[in-house]
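Visitor: Here's my sequence, what's the structure:
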Amino acid sequence: MKGPSSSMINSDRPDDPALWAINRFVEELEQVRKSLGLNTVNILGQSWGSMLAFDYVLERKPTGVRSLVFSGPCLSMSRWMTDQQAYLAAMPETIRDVIYEKEASGDTNSQEYREAMMYYYRRHLCRLDSWPDCLNRTFEKMGTSVYEHMVGPSEFTITGTLGDYERTDRVKEITQPILFTCGRYDEATPETTARYHRMHTHPGSEFVILENASHEHHLEKPEEYLHIVRDFLRKQES
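Guide: From the prediction side, this is the model:
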């Protein structure tokens with residue numbers, strides 16, 4: 001049996017910016033469910049995936065969604081940027097100056113800027129000394145154009161189309177139980193993630209912080225993370 005072609009193992013990359021919109025990605029999620037016949041599901045969204053899952057459930061009101069897992073969630077882009085700027089302010093002055101200077105000049109492709117960003121990533125994205133292959137591949141094949149269009153040059157400076165993404169006042173509209181998870185040093189800070197949890201009044205919702213971990217806490221603490229998620233899903237199944 002032949003192995004999958006490259007077109008089957010990589011996401012498509014449409015070059016039309018009009019397609020780089022959250023409503024299109026919501027539609028893609030709906031089409032995946034239909035194509036695979038997934039009538040009853042529990043949806044897990046990590047980081048940007050939490051935004052996608054939130055809008056899917058909120059706007060489409062699909063049947064058969066039993067529960068949600070939001071890991072390192074972002075439900076308020078203004079809050080997200082404020083949290084990242086607070087992290088940046090706590091970094092060494094030399095790191096801060098490079099990031100401020102390069103973003104102001106638009107020189108975000110320079111080696112100096114990339115090294116400064118890696119300093120930040122190793123504290124708040126993934127704290128493992130050696131990054132897993134899956135995360136390295138993500139960076140190697142990252143859709144930079146889409147990221148810059150929807151977010152901006154970085155998460156300290158939100159200038160993209162998601163800049164006005166604010167959903168905290170609608171959290172209470174989600175009727176399914178939600179498991180919120182984050183790392184202690186997560187870009188999705190424990191304080192902000194706890195705030196989202198408090199806003200969701202469903203009695204079955206839960207909130208867990210994974211210690212000594214950050215945004216990629218599912219990769220940093222895989223056994224603990226899987227135990228937490230499985231325990232939550234078992235409760236929904238029962």
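Visitor: what's the closest non-adjacent residue to residue 51?
Guide: When the adjacent residues along the chain are set aside, residue 51 lies closest to residue 74, with 5.7 Å between them (CB to CB, 6 or more residues apart in numbering). For the C-beta atoms, the positions are set from N, CA and C on the backbone; glycine is no exception.
Visitor: Next one: residue 81 from residue 89, what distance?
Guide: 13 Å (CB to CB, to the nearest Å).
Visitor: what about the helices in the chain?
Guide: 6-9, 22-36, 48-55, 77-89, 93-105, 111-124, 133-140, 144-150, 190-199, 217-220, 222-237 (DSSP state H).
Visitor: what angle sits between the fourth one and helix 111-124?
Guide: In other words, helix 77-89. 100 degrees (axes from the mean of the first three to the mean of the last three CA atoms, to 10 degrees).
Visitor: the more surrounded of residue 81 and residue 89?
Guide: A direct count of neighbours by other CB atoms under 10 Å for residue 81 and residue 89 places residue 81 higher, at 19 against 9.
Visitor: Let's check: the centremost residue of the chain is which one?
Guide: The centroid of the chain falls nearest to residue 47 when counting by CA atoms, centre = their mean (0.9 Å).
Visitor: thought that residue was touching residue 72?
Guide: Yes - between residue 47 and residue 72 a contact is recorded at 4.8 Å, counting by CB atoms under 8 Å.
Visitor: re earlier: tell me which of the helices of the chain sits nearest to residue 163.
Guide: With CB to CB as the criterion, residue 163 lies closest to helix 77-89 of the helices of the chain, at 5.9 Å.
Visitor: The closest one: which residues count as buried?
Guide: For helix 77-89, burial by neighbour count (16 or more other CB atoms under 10 Å) applies to 77, 79, 80, 81, 83, 84, 87, 88.
Visitor: and what of stretch 186-194?
Guide: 186, 187, 188, 189, 190, 192, 193.
Visitor: How about stretch 97-111?
Guide: Buried-residue list, stretch 97-111, by 16+ other CB under 10 Å: 98, 99, 102, 103, 108.
Visitor: Distance check, the residue lying closest to the second one once chain neighbours are set aside against residue 96.
Guide: The spatially closest residue to residue 99, leaving aside those adjacent along the chain, is residue 116, at 5.1 Å (CB to CB, 6+ apart). Using CB to CB, we find residue 116 at a distance of 8 Å from residue 96.
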